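Chemist: Compute the structure for the input listed below.
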Amino acid sequence: MALPSPNADPRAFLRALFDVAVAQALPGPSFSTFLPALPRGRTLVLGAGKAGGAMAAALDAAWPAGATMSGLVVTRYDSVPPAFAAAQARGATRVEVVQAAHPVPDEAGRRAAARILELAHGLSADDLVVCLISGGASSLLALPAPGITLAEKQAINSALLKSGAAIDEMNCVRKHLSAIKGGRLAAACAPARVVTLLVSDVPGDSPSVIGSGPTVADPTTCADALAVLDRHAIAVPAQIRAGLESGALETPKPGDRVFAGHEGHLVATPQQSLDAAAALARSIGLGAHVLSDEIEGESREVGKVHAALARQIARRHQPFAPPCVVLSGGETTVTVKQKGGRGGRASEFLLGCALALQGEANVWVLAADTDGIDGVESNAGAFVTPDTLARARALGLSGRDLLDRNDAYAFFAGLGDLLVTGPTFTNVNDFRALLIL
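Modeler: Next up, the predicted model:
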C-alpha cells in the first residue's frame with residue numbers, strides 16, 4: 001500500500017507513521033535471534049505484560065517443533081492475538097496465556113501471579129526459564145508481599161497513577177510491596193537458568209524498571225520507595241510504612257547469587273519504533289527528526305514545549321526546515337486534579353499542545369499510546385489540526401475548561417478526532433508526531 005501524501009492527507013500520513021512504529025514493536029520472526037539453546041531439563045515460560053500474548057505466540061512459533069515447553073503468561077484483557085487465542089482454545093499451544101486488569105490490578109492478576117510463582121518453585125540447575133516481560137507487568141503481576149492485601153495494593157496503585165509520579169517512581173514502590181517483582185521471581189526460580197526477553201516501555205530501557213523487573217536485581221531501596229510516597233503525599237497503611245522503614249520489604253540487590261548466569265535481551269524498544277517511523281517519512285523525501293525516546297514530565301506541559309518547537313519550525317525554519325516531521329517518545333504523566341474527567345497521557349498532551357499552537361497553520365499532530373489504549377479509554381490517542389480550536393469554538397467546547405478538568409477525551413471525542421485502533425498486542429509507550437508543512 002502506498003504511503004499517503006502528507007500534503008494531500010496529513011492525518012492518514014501520521015496514522016501510517018504510527019502503524020509502522022507499532023509494527024516495529026511487535027514480536028515476530030526476529031524473536032528466534034534471542035532464544036537460548038535447549039536445556040538438558042525442562043523449559044518453563046513465565047511472563048506478564050501488555051505484549052505478553054504476542055510474545056508467547058512468537059516464542060511458541062520460534063521454539064523448535066517437538067521440543068517440550070510449558071508455562072503461564074498473563075496479559076491485559078482483550079490483548080491476546082486472535083490466532084493464538086483460537087489455537088489455545090484448541091489445545092494447540094505450549095504456553096497458557098490468561099488475562100487480567102490493567103492499570104489497576106484485580107483478583108485475576110493476583111491469581112495469575114500466584115500460579116506463576118508456584119510454577120517457579122522446585123526447578124533444578126538443568127532447567128531453563130524463559131521470562132517474557134513487557135510494559136503493564138507491574139499491574140498484571142498483582143501478588144502483594146506477605147501482610148499486604150490486594151485492596152491495599154489497588155489503592156496505592158490508583159493513588160500513584162493519579163499523582164503524576166514518573167514510571168520509575170511508581171515501579172520502585174510496586175517492587176517493594178510485591179511478592180514477585182523486583183527480582184523476587186528470579187529468586188524463586190533458582191537454581192535454574194533464567195533468560196528474560198523484554199519489550200521496553202520505559203525511558204532509558206532499564207530492565208529493572210520494565211514491568212518492575214521480576215527477574216532483575218533491584219538497585220532501589222525501601223528508603224527510595226518511602227521517599228516516592230512522601231514526595232507525592234500518598235498515605236499508606238501503618239504496617240506497610242513500618243515494613244518499608246524497617247527494611248522488611250527489601251528486594252534482592254545487584255550481586256545477589258540468585259542472578260548468577262542470568263541473561264536479559266531487549267526485543268523491542270521505543271527508539272526502534274521512532275527510527276522506523278522516521279525511515280518511512282524519509283522514504284518519500286520528507287525531513288524526519290527524532291527528538292528523544294525518553295521524554296517525561298507533565299503531559300500538558302510537554303505538549304506546550306512541542307507546540308513551541310512546531311511554531312518555531314513553521315515560522316522561522318529553526319531548528320529544522322519545513323516540510324518535516326518531528327517524532328518523540330517516552331512516558332509523560334498526568335496529575336489528576338478533578339474527578340470524573342476522561343483521557344490519558346496522549347489526549348492531555350494533545351490538548352495542551354493545541355492550546356499552545358493557537359491554530360498555527362500547516363501543523364498537524366498525532367499522539368497515541370502504542371498499546372492502543374490511552375489510559376483506560378477506548379482510543380489510542382487523537383489528532384490536532386490547524387483548525388482544531390476553531391472547530392471546538394463552533395461546537396461550544398472549551399479546551400481550557402476541559403483541560404482543567406482532566407477531560408481531554410471529551411474534547412477530542414466531540415470533534416471526532418479520536419484515534420481508535422483497539423489493542424495492538426505490544427507496548428513501547430508514547431508515540432508523538434508533529435507534521436509541519
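Chemist: what's the single longest helix in the protein?
Modeler: When the chain is parsed with DSSP state H, its longest helix is helix 299-316.
Chemist: Can you list the residue ranges for strands in this protein?
Modeler: Secondary structure of the chain (DSSP state E): strands located at 43-48, 70-76, 96-100, 128-134, 193-199, 263-268, 287-290, 324-330, 363-369, 381-384, 418-419, 430-436.
Chemist: that older thread, the longest helix of the chain: which residues count as buried?
Modeler: Applying a neighbour-count criterion of 16 or more other C-beta atoms under 10 Å, one finds 299-300, 302-307, 309-311, 313-314 buried in helix 299-316. Yep, even glycine has a C-beta here, placed from its N, CA and C like the rest.
Chemist: Report the rounded mean pLDDT for stretch 66-80.
Modeler: Stretch 66-80 carries an average pLDDT of 96.
Chemist: can you check stretch 104-120 too?
Modeler: 96.
Chemist: Quick check: Thr385 touching Leu366?
Modeler: No: Thr385 is beyond contact range of Leu366, at 10.1 Å (criterion: C-beta atoms under 8 Å).
Chemist: what is in contact with these two at once?
Modeler: Arg11 (C-beta atoms under 8 Å, 6 or more residues apart in numbering).
Chemist: out of the two, which sits in the more crowded spot?
Modeler: More neighbours surround Leu366 than the other of Thr385 and Leu366, with 26 against 18 (other C-beta atoms under 10 Å).
Chemist: and the nearest residue to the more buried one once chain neighbours are set aside, what is it in contact with?
Modeler: Residue nearest to Leu366 in three dimensions, not counting chain neighbours: Leu14, with 3.9 Å by C-beta to C-beta, 6 or more residues apart in numbering. Leu14 makes contact with Val325, Trp364, Val365, Leu366, Phe383, Ala433, Leu435, according to C-beta under 8 Å, 6+ apart.
Chemist: quick one: which of those residues is nearest to Val209?
Modeler: Closest approach between the contacts of Leu14 and Val209, by C-beta to C-beta: Ala433, at 25.0 Å.
Chemist: shouldn't the closest one be in contact with Phe18?
Modeler: Yes: if you go by C-beta under 8 Å, Ala433 and Phe18 touch, sitting 7.0 Å apart.
Chemist: Could you tell me which residues touch both of those two?
Modeler: Ala277, Leu366.
Chemist: Run through who's touching the longest helix of the chain.
Modeler: 291, 295-296, 318-322, 324, 326, 328, 332-334, 345-346, 348-357, 360-363, 365, 403, 432, 434, 436.
Chemist: what about Asn379, distance to Pro423?
Modeler: 12 Å (C-beta to C-beta, to the nearest Å).
Chemist: Lys337 now?
Modeler: Using C-beta to C-beta, Lys337 is found at 29 Å from Pro423.
Chemist: Neighbour count for these two, which is higher?
Modeler: Neighbour comparison, Lys337 and Pro423: the larger count goes to Pro423, with 20 against 11 (by other C-beta under 10 Å).
Chemist: any idea how far that one lies from Arg76?
Modeler: Taking C-beta to C-beta, one finds Pro423 at 7 Å from Arg76.
Chemist: In this protein, what helix or strand scores lowest on average pLDDT?
Modeler: Across the helices and strands of the chain, the lowest-confidence element by mean pLDDT, DSSP states H and E is helix 150-163, at a mean of 91.
Chemist: From the contact counts, what lies against that one?
Modeler: On a contact count with 3 or more C-beta pairs under 8 Å, 6 or more residues apart in numbering; DSSP states H and E, helix 150-163 meets helix 167-176.
Chemist: ok, residues contacting the helix it packs on?
Modeler: 138, 145, 156-157, 160-161, 181-183, 201-203, 206, 209, 211-213, 218, 220, 222, 224-225, 228-229, 231-232, 244, 249-251, 296, 331.
Chemist: Just those: which are in helices?
Modeler: Those of these lying in helices (DSSP H): Ser138, Ile156, Asn157, Leu160, Leu161, Cys222, Asp224, Ala225, Val228, Leu229, Arg231, Leu244.
Chemist: Now rank those by neighbours and give me the top one.
Modeler: Busiest of the ones in helices among the contacts of helix 167-176 [other C-beta under 10 Å] is Ser138, holding 29 neighbours.
Chemist: can you tell me how far it sits from Arg76?
Modeler: Distance from Ser138 to Arg76, by C-beta to C-beta: 12 Å.
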